[in-house]
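Student: Provided below are the primary sequence and the corresponding predicted coordinates.
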Amino acid sequence: MRESVRVHHVEELTLTSALLSWKFALWWNLLIVLLGAAYAAGVVRLRREKPERNWPAHRSWLFAFGLVSLFVAMNSFVAVYSHALFTMHMVQHLMLIMLVPALLVYGKPLRLWSELDGSGRVERVLRGRTVGILTHPAWTMVLYSVVLVATHLTPFMQVMLLNPWLHHAESVLYLVTGYLTFLPLLGKEPTRWQHFPYPLRVFSSLMGMGPDTGIGVILMMADDPLFPAYGMMRDWWIDDGTLSVLADQRLGGGIMWFFGDALMAVFALVLVKQWMRAKGSEAGFGNWLESARRSALAETDSEAESAVRNLRAAEDVDEDERARQAYNAMLARLARQDGEHRQSGR
């Protein structure tokens with residue numbers, strides 16, 4: 001069977017070979033250039049057409065770092081060795097599903113696109129039902145978990161090793177999954193989840209550690225290689241005991257566990273810092289509890305038509321003056337009714 005698969009003739013991984021090992025991923029590099037050019041052109045156009053709308057430089061830098069990280073993941077020694085070593089595959093995986101998407105989200109390309117559109121059509125699409133469903137935090141976290149399980153605890157990895165074209169499909173899957181996952185958690189893009197409450201963002205980030213930890217531990221504790229095809233992917237250190245397939249798998253599992261959780265922890269800390277500076281509904285649990293409170297107050301008195309309108313129109317009872325006045329008037333009316341009821345009962 002070894003003759004039927006492609007053996008990767010790469011040198012033993014050392015610091016020197018890592019620095020000198022590069023490949024040219026044509027289609028990925030074209031994508032990087034197109035994304036970078038489109039973003040740069042958008043920034044230039046925004047500054048020319050709307051000079052009053054200042055586009056912060058740090059957003060452009062973060063987006064550029066994301067593209068550079070994508071270039072490194074698909075062209076450097078990480079990509080060269082990713083099909084020969086599970087450890088390098090795991091490094092590439094973490095870059096594609098976590099680091100690159102997070103940096104791109106922080107660059108806010110969707111907001112840039114929206115601000116360039118004077119008709120408002122782009123923002124309507126981004127806030128529409130379809131995009132809202134695709135970026136729903138509950139769905140994206142499930143997607144993140146399913147993708148990790150499907151690509152590491154099923155025969156997919158074994159099949160991918162024997163069919164290299166699947167490696168590119170897996171890379172696309174990681175990149176898209178990561179972007180959809182981190183868009184509602186880290187982003188402030190003009191979508192339905194722009195004001196997703198920070199407590200829930202932090203909670204979702206911490207929950208995201210679960211799949212990385214669970215799968216990493218399973219890979220580390222396995223008694224036998226889960227992906228034996230790795231033994232046919234290279235023509236060195238197979239029989240000399242330097243790094244067996246099982247040891248390579250266990251090291252990769254450790255990388256997934258430690259660095260996956262570490263990145264999620266960093267994101268959670270950033271969110272906590274933003275939470276401490278947040279005001280309004282984002283600092284709590286959004287408008288859900290407030291909406292229930294308004295409904296309960298409004299339904300206690302069917303005759304208070306004006307109070308109902310004020311309460312339902314207000315975004316926050318404690319912040320809107322009309323709602324506060326209606327709320328106090330309703331409490332006074334209920335107190336009077338309660339007093340009259342007690343007097344009539346005597």
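Tutor: Here it is on my side, so go on.
Student: hey, let's count contacts and neighbours off CA atoms from now on
Tutor: Fine.
Student: where exactly do the strands run in the stretch 1-150 of the chain?
Tutor: With DSSP state E, counting those that start in this stretch, there are no strands along the stretch 1-150 of the chain.
Student: hey, where'd the helices end up in it?
Tutor: 15-20, 26-49, 57-75, 77-82, 86-94, 100-106, 109-116, 121-126, 129-134, 137-152 (DSSP state H, counting those that start in this stretch).
Student: could you verify that Leu331 is part of a strand?
Tutor: No: per DSSP: H, G, I helix; E, B strand; the rest coil, Leu331 lies outside any strand segment and is helix.
Student: how many neighbours does it have?
Tutor: Leu331: 13 surrounding residues under other C-alpha atoms under 10 Å.
Student: what angle separates the lengthiest helix in the chain from helix 86-94?
Tutor: Across the chain, the longest stretch assigned as helix under DSSP state H is helix 245-277. Using axes from the mean of the first three to the mean of the last three C-alpha atoms, to 10 degrees, the inter-axis angle of helix 245-277 relative to helix 86-94 is 20 degrees.
Student: buried residues, helix 245-277. List them.
Tutor: 245-257, 259-261, 263-265, 267-268, 271-272, 275 (16 or more other C-alpha atoms under 10 Å).
Student: low-confidence bits of the stretch 51-200 of the chain, can you list those?
Tutor: Judged by pLDDT under 70, the stretch 51-200 of the chain has no weakly predicted residues.
Student: ok, Gln75 - contacts?
Tutor: You called it Gln, but residue 75 is Asn. 22-25 (C-alpha atoms under 8 Å, 6 or more residues apart in numbering).
Student: which of those count as buried?
Tutor: Applying 16+ other C-alpha under 10 Å to those flags Trp22 as buried.
Student: list just the nearest of the contacts of Asn75 to Val105.
Tutor: Distance to Val105, by C-alpha to C-alpha, is smallest for Ala25 among those, at 23.2 Å.
Student: give me phi/psi at that closest one?
Tutor: The phi/psi pair for Ala25 (degrees, to the nearest 10) reads phi -90, psi 90.
Student: then Leu183?
Tutor: Per degrees, to the nearest 10, the backbone of Leu183 is at phi -60, psi -50.
Student: and for Thr135?
Tutor: The phi/psi pair for Thr135 (degrees, to the nearest 10) is phi -110, psi 10.
Student: which residues touch the helix or strand encompassing Ser171?
Tutor: Per DSSP states H and E: Ser171 is located in helix 165-186. Residues external to helix 165-186 that are found in contact with it (C-alpha under 8 Å, 6+ apart): 93, 96-98, 100-102, 104-106, 134-137, 140-141, 143-144, 147, 160-161, 189, 193-194, 196, 201-202, 204-205, 267, 271.
Student: what residues sit buried inside it?
Tutor: 167, 170-171, 174-175, 177-186.
Student: same check on stretch 205-221?
Tutor: 205, 208-209, 211-213, 215-220.
Student: dump these into TSV; add secondary structure, distance to Leu226 and pLDDT as well.
Tutor: Below are those laid out as TSV (DSSP: H, G, I helix; E, B strand; the rest coil; distance: C-alpha to C-alpha, whole Å; pLDDT from 0 to 100):
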residue	secondary structure	distance to Leu226	pLDDT
Ser205	helix	28	90
Gly208	coil	23	90
Met209	helix	22	92
Pro211	helix	17	93
Asp212	helix	17	93
Thr213	helix	17	94
Ile215	helix	12	94
Gly216	helix	13	94
Val217	helix	13	95
Ile218	helix	10	94
Leu219	helix	8	93
Met220	helix	11	94
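Student: make sure Val149 is actually in contact with Gly214.
Tutor: No: if you go by C-alpha atoms under 8 Å, Val149 and Gly214 don't touch, sitting 9.5 Å apart.
Student: secondary structure class for the residue lying closest to Lys188 once chain neighbours are set aside?
Tutor: Using C-alpha to C-alpha, 6 or more residues apart in numbering and skipping the chain neighbours, the partner closest in space to Lys188 is Gln194 (5.0 Å). At Gln194, secondary structure determined by three-state DSSP is coil.
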